[in-house]
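Colleague: Need coordinates for the below:
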Amino acid sequence: MWQRLGTASLIGFGSLVGGMTANLLMTGPSSVNAQSAPLPSPPGEQSDIRRYPLFEDVVGRLSPSVVAIDAVKPQQGGTSNKGKTHEESGSGVLVQFEGVRGIHAVTNNHVIAGAKAGEITVTLLDGRILRPVQVWTDPESDIGILALEAVNLRPASLGDSDRIRVGQWVLAFGSPFGLNQTVTHGIISARDRGQISLGNTIRIKEFLQTDAAINPGSSGGPLVTADGQVIGINTAIASNSGSNSGVAFSIPINLVKRVGRELLERGAVSRGYLGVQLAPVLDPNEALKLGLDKVRGALVESVHTNSPAAVAGLTAGDVILKLETVELRDENHLINLISYLPANQRVRLGVWRNRKLQVVEVVVGDWTNQSKAR
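Modeller: Model (predicted):
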């Protein structure tokens with residue numbers, strides 16, 4: 001139970017393949033007693049039903065903000081594919097970022113990565129087809145932003161993903177298997193999911209988990225509360241078959257707001273870094289050997305030469321338990337928090353070393369400069 005969740009699948013969708021068959025599963029007795037009288041309605045049924053979300057109202061409000069996205073991208077892998085292209089299909093949602101002019105479509109980087117603006121199309125609910133005038137991407141959070149110029153664009157209302165509770169009703173909008181404007185429902189199954197592998201470029205992972213049905217082609221579509229607030233961007237599923245298995249992941253909208261504003265204002269996202277290689281998981285046996293009473297924190301496997309961590313004196317085998325006053329859940333929690341900090345900020349780390357808690361001060365480095373140097 002403590003092992004890292006297996007590799008999840010990003011849910012962009014290539015060309016739709018025909019020949020799919022749907023099977024209707026019939027259950028229950030083959031005949032019904034025609035003389036059986038209908039059961040009476042429970043007391044208070046008419047008033048109680050109002051407690052349930054009216055999904056059709058939410059769909060009516062959100063559908064004009066949901067878009068289908070198609071991108072023609074270079075074929076990857078080998079010299080035989082040089083010059084060849086393939087089409088990636090996904091979803092998106094129209095938003096207006098606070099303090100930024102214009103309407104933009106938010107989607108996943110993996111849907112549009114490698115495609116030029118002139119090779120991307122955005123299809124609206126009313127059938128209009130637009131091309132973005134400019135494209136910004138952030139591979140590390142898997143967020144893509146498309147600038148659109150058209151009249152009568154209706155942005156969705158953005159919620160506060162920090163306030164989302166496990167068990168809340170949600171709706172997932174998108175274009176699974178090329179079926180535009182598809183809506184499914186479920187609940188928030190968990191928060192702060194980071195123990196999933198999504199490829200080498202995606203480092204910032206603090207996903208909302210949902211059991212709403214999400215399938216190939218749903219990438220970039222919005223996850224919406226029963227109040228009609230967008231609280232996530234659907235990104236990946238955990239599945240052995242590549243299709244919905246009831247475990248899907250969405251980027252919290254608060255992260256999308258932050259990344260989107262930085263991309264639009266600066267053209268890039270500023271992130272801090274320490275310069276350590278962290279263990280992907282700290283299992284119970286290792287925690288007990290280190291003298292910890294529970295699985296928590298980030299285990300340092302190695303320290304990069306001349307990095308902020310090396311200058312501060314961090315070493316392999318250290319377990320970073322706290323960042324200032326924040327107790328760390330795992331290595332991904334540390335990565336996310338450090339990435340939010342500006343370069344040159346001095347912070348205190350609570351480090352478990354030789355079965356004792358020590359305080360280590362470190363000056364946060366600039367991830368942008370470091371990544372360019374590699």
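
Colleague: residue ranges for the helices of the stretch 201-350 of the chain, please.
Modeller: 253-266, 284-289, 308-312, 331-339 (DSSP state H, counting those that start in this stretch).

Colleague: Redo those helices as CSV? Include mean neighbour count and distance to residue 360.
Modeller: For glycine as for every other residue, the C-beta is placed from the backbone atoms N, C-alpha and C. Below are the helices of the stretch 201-350 of the chain laid out as CSV (neighbours: other C-beta atoms under 10 Å; distance: least, C-beta to C-beta, whole Å):
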stretch, mean neighbour count, distance to residue 360
helix 253-266, 19, 27
helix 284-289, 13, 20
helix 308-312, 19, 5
helix 331-339, 21, 13
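
Colleague: For residue 193, find the nearest of those.
Modeller: Closest to residue 193 of the helices of the stretch 201-350 of the chain, according to C-beta to C-beta: helix 331-339, at 8.8 Å.

Colleague: how about a markdown table for the helices of the stretch 201-350 of the chain, with mean pLDDT and distance to residue 170 added?
Modeller: Listed next are the helices of the stretch 201-350 of the chain as a markdown table, based on pLDDT from 0 to 100; distance: least, C-beta to C-beta, whole Å:
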| stretch | mean pLDDT | distance to residue 170 |
| --- | --- | --- |
| helix 253-266 | 94 | 12 |
| helix 284-289 | 92 | 32 |
| helix 308-312 | 95 | 38 |
| helix 331-339 | 91 | 22 |
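
Colleague: would CSV of the ones you listed with distance to residue 75 be doable?
Modeller: CSV is the format used below for those (distance: least, C-beta to C-beta, whole Å):
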stretch, distance to residue 75
helix 253-266, 27
helix 284-289, 42
helix 308-312, 39
helix 331-339, 32
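
Colleague: residue contacts, the residue nearest to residue 107 when sequence neighbours are not counted?
Modeller: The shortest distance from residue 107 to any residue other than its chain neighbours is 3.2 Å, reached at residue 220 (C-beta to C-beta, 6 or more residues apart in numbering). By C-beta atoms under 8 Å, 6 or more residues apart in numbering, the contact set of residue 220 is 69, 90-93, 106-108, 111, 144, 174, 233-235.

Colleague: For residue 220, give me the pLDDT.
Modeller: In this model, residue 220 is scored at 96, pLDDT.

Colleague: closest one to residue 163 among the helices of the stretch 201-350 of the chain?
Modeller: The nearest among these, by C-beta to C-beta, is helix 253-266 at 9.5 Å.

Colleague: Which elements pack onto that closest one?
Modeller: When contacts are defined as 3 or more C-beta pairs under 8 Å, 6 or more residues apart in numbering; DSSP states H and E, helix 253-266 sits against strand 104-108, strand 134-138, strand 143-147, strand 230-237.

Colleague: give the contact list for the spatially most central residue of the chain.
Modeller: Most central in the chain under C-alpha atoms, centre = their mean is residue 251, positioned 2.5 Å from the mean C-alpha point. Counting by C-beta under 8 Å, 6+ apart, residue 251 touches 141-143, 207-208, 232-233, 235.

Colleague: try 7 Å this time
Modeller: Residues counted as contacts of residue 251 (C-beta atoms under 7 Å, 6 or more residues apart in numbering) are 141-143, 207, 232-233, 235.

Colleague: what about residue 177, which SS state?
Modeller: Here residue 177 is helix, with the state taken from DSSP: H, G, I helix; E, B strand; the rest coil.

Colleague: wait, it sits on residue 213?
Modeller: No - the pair residue 177 / residue 213 is not scored as a contact, 11.5 Å apart, by C-beta atoms under 7 Å.

Colleague: Pull the number of nearby residues for residue 84.
Modeller: 10 (other C-beta atoms under 10 Å).

Colleague: which one is it nearest to, not counting chain neighbours?
Modeller: residue 75 (3.9 Å).

Colleague: surely that neighbour meets residue 88?
Modeller: No - the pair residue 75 and residue 88 fails to qualify as a contact (C-beta under 7 Å) at a distance of 11.0 Å.

Colleague: So for these two, which sits in the more crowded spot?
Modeller: Set side by side, residue 75 and residue 88 show more neighbours around residue 88, with 23 against 13, by other C-beta under 10 Å.

Colleague: Just to be sure, that one is in a helix?
Modeller: No - under three-state DSSP, residue 88 falls outside any helix and is assigned strand.

Colleague: Please consider this matter closed, and thank you.
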